[in-house]
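> Structural data only, the sequence is not supplied:
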């Protein structure tokens with residue numbers, strides 16, 4: 001997946017929209033900041049989240065970081081491979097390392113999210 005085609009939250013989650021379905025993950029910047037990943041907690045299918053709410057957490061040897069819902073919606077699929085193989089997240093955060101798929105809430109737009117250039121600038125300023 002091409003990172004330049006995604007939308008980004010300030011909290012380092014990315015979104016790939018496809019109609020009313022949004023695939024969500026975390027950026028390679030976030031993965032590198034976390035370093036050695038040891039645990040991930042993802043929501044159950046059917047969980048409804050509001051934009052900005054905690055969606056789960058990622059734990060590394062140095063910190064536990066919350067995952068935030070970049071958009072409002074209902075979890076319709078979870079990447080079941082991740083908890084057993086966190087290397088997928090480290091190796092391919094924009095592809096096989098995706099985390100959840102959300103059915104977007106009615107009226108949810110992606111206008112509040114950054115494009116790739118704005119996200120790169122945001123990361124450089126961090």
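Right, received. Where do you want to start? It should be emphasised that the depicted structure is a prediction, and the values quoted were computed from it without experimental measurement.

> Any idea how far apart the tips of stretch 44-62 sit?
Terminal residues of stretch 44-62 lie 26 Å apart, using CA to CA, to the nearest Å.

> repeat for stretch 89-98
End-to-end span of stretch 89-98 (CA to CA): 7 Å.

> what residues does it touch?
1-3, 6, 14, 16, 23-28, 30-31, 37, 40, 58, 79, 81-82, 88 (CB atoms under 8 Å, 6 or more residues apart in numbering). For the C-beta atoms, the positions are set from N, CA and C on the backbone; glycine is no exception.

> Going by neighbour count, which residues in that stretch are buried?
Across stretch 89-98, burial judged by 16 or more other CB atoms under 10 Å covers 89-90, 93-94, 96-98.

> try stretch 117-126
In stretch 117-126, counting by 16+ other CB under 10 Å, buried: 119-120, 123.

> picking up where we left off before, now restrict the contacts of stretch 89-98 to buried residues only.
The buried subset of the contacts of stretch 89-98 - by 16+ other CB under 10 Å - is 1, 3, 6, 14, 16, 23-28, 30-31, 37, 40, 58, 79, 82, 88.

> So which of those belong to helices?
28, 30-31, 88 (DSSP state H).

> Turn these into TSV, including pLDDT.
Below are these laid out as TSV (pLDDT from 0 to 100):
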residue	pLDDT
28	91
30	90
31	88
88	91
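
> just these now: which is nearest residue 107?
For residue 107, the nearest member of those is residue 30. The distance, counting by CB to CB, is 27.8 Å.

> which residues touch that closest one?
By CB under 8 Å, 6+ apart, the neighbours of residue 30 are 12-13, 65, 93.

> Much appreciated, bye for now.
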